[in-house]
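> here is my input, please return the structure:
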Amino acid sequence: MELVGTYTFNAPHDVVWQALLDPEVLAKVMPGCEKLEQIGENEYQGLIKIRVGPVQGEFQGTVHLSDINAPESYHMAVAGKGAPGFMKGEGQVRLEAQGDSTLMHYSGQAQVGGRIASVGQRLLESSAKALTRQSLDGLDQQIQARLPAMVSPTTEASTAETVNAAINQAAPPALPVEAPSQTKFARGVAKNMLDEVIPPQQRPLWIGAGLVIGAVIAFLIWGR
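Residues are numbered from 1 along each chain as shown. So this is what the prediction gives:
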């Protein structure tokens, strides 16, 4: 299974880099994440509860960072196992400054086995894309909450020293951003599958049909 994409954060380059290395922040934005803590230099351990189709359960695993080129890029190796099966993979994250925003490039490959592999390649890929997108959306919200309130849109924070000083002096408290619920995560998976299977010009028709079918089912249930 391969995952490649980009994401734009409306925040300075160094602020995004710091957030990517903060386990407390990451634990708040990953769907189903119960804990994520640093256990060594550039090594983290976590517990995540997730559901993919009919398979659900806990995964306990580790994340190890290497080839760190701060504040530009790093390589990541992930390994996890639990009742639903096992997963191992590796990937690369690279940040690119674009004025007042930051573009993230990410890519990775993963292998899964056990019961979770039985749900099929398409559902696994859609789940991975939904998990990634929702985590990055949550991370962006956390980053926005940590941006210094004292820095005006015209302020040029061009160096890491300037950005770090502003954060330490005037960083507002983080917003109570929570990781997406299982329901929201499932909606994200369904949307990804819809985007891949149904051509854009046909989606309104299918969505309308889905609403009609849902209304009929609801009428039959409530009418009993």
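> hey, let's count contacts and neighbours off CA atoms from now on
Noted.
> give me the neighbour count for the residue nearest to Ala70 when sequence neighbours are not counted.
If the residues on either side of it in the chain are set aside, Ala70 comes closest to Trp17, at 7.9 Å by Cα to Cα, 6 or more residues apart in numbering. Applying other Cα atoms under 10 Å, we find 18 residues neighbouring Trp17.
> pLDDT weak spots in the chain?
Low-confidence regions of the chain, defined by pLDDT under 70, span residues 148-224.
> same thing but at 50, please
Residue ranges of the chain with pLDDT under 50: 149-160, 162-163, 165-177, 185, 189, 194, 197-198, 202-224.
> who touches the helix or strand Gly61 falls within?
Assigned by DSSP states H and E, Gly61 belongs to strand 55-69. The set of residues that contact strand 55-69 without belonging to it, under Cα atoms under 8 Å, 6 or more residues apart in numbering, is 42-51, 73-84, 86, 115-116, 119.
> buried set for it?
Within strand 55-69, the residues that qualify as buried by neighbour count (16 or more other Cα atoms under 10 Å) are 58-65.
> switch those residues over to JSON lines; also include distance to Val29.
Listed next are those as JSON lines, based on distance: Cα to Cα, whole Å:
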{"residue": "Glu58", "distance to Val29": "17"}
{"residue": "Phe59", "distance to Val29": "17"}
{"residue": "Gln60", "distance to Val29": "17"}
{"residue": "Gly61", "distance to Val29": "17"}
{"residue": "Thr62", "distance to Val29": "17"}
{"residue": "Val63", "distance to Val29": "16"}
{"residue": "His64", "distance to Val29": "19"}
{"residue": "Leu65", "distance to Val29": "19"}
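> are any of the contacts of strand 55-69 buried, and if so which?
In the contacts of strand 55-69, burial by neighbour count holds for 44-48, 50-51, 73-82, 84, 86, 116, counting by 16+ other Cα under 10 Å.
> strands - which of those residues land there?
Helix and strand membership here follows DSSP state E; of the buried ones among the contacts of strand 55-69, those in strands are 44-48, 50-51, 73-82, 86.
> biggest helix in this structure by residues?
Among all segments of the chain classified by DSSP state H, the helix with the greatest residue count is helix 121-146.
> compute the inter-axis angle for that one and strand 43-52.
Here helix 121-146 points in a direction 120 degrees away from that of strand 43-52 (axes from the mean of the first three to the mean of the last three Cα atoms, to 10 degrees).
> what is helix 121-146 packed up against?
Helices and strands touching helix 121-146, as assessed by 3 or more Cα pairs under 8 Å, 6 or more residues apart in numbering; DSSP states H and E, comprise strand 2-9, helix 13-20, helix 23-29, strand 43-52, helix 182-197.
> and that helix, which residues are buried?
Buried residues in helix 121-146, defined by neighbour count with 16+ other Cα under 10 Å: 123-146.
> and the strand holding Gly61, which strands flank it?
The strands beside strand 55-69 in its sheet (DSSP bridges) come out as strand 43-52 (antiparallel), strand 73-82 (antiparallel).
> put the alpha carbons of it into CSV.
As requested, C-alpha coordinates have been extracted for strand 55-69 and formatted as CSV (Å, rounded to 0.1, in the frame of the first residue of the first chain):
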residue,chain,number,x,y,z
VAL,A,55,-12.3,-5.2,11.7
GLN,A,56,-11.6,-3.2,14.8
GLY,A,57,-9.2,-3.2,17.7
GLU,A,58,-6.0,-1.7,19.2
PHE,A,59,-2.6,-1.4,17.6
GLN,A,60,0.5,-0.8,19.8
GLY,A,61,3.5,0.3,17.9
THR,A,62,6.6,2.5,17.6
VAL,A,63,7.7,5.3,15.4
HIS,A,64,11.4,5.9,14.7
LEU,A,65,12.7,9.1,13.0
SER,A,66,16.0,9.1,11.1
ASP,A,67,17.9,11.1,8.5
ILE,A,68,16.6,14.3,10.2
ASN,A,69,17.5,17.4,8.4
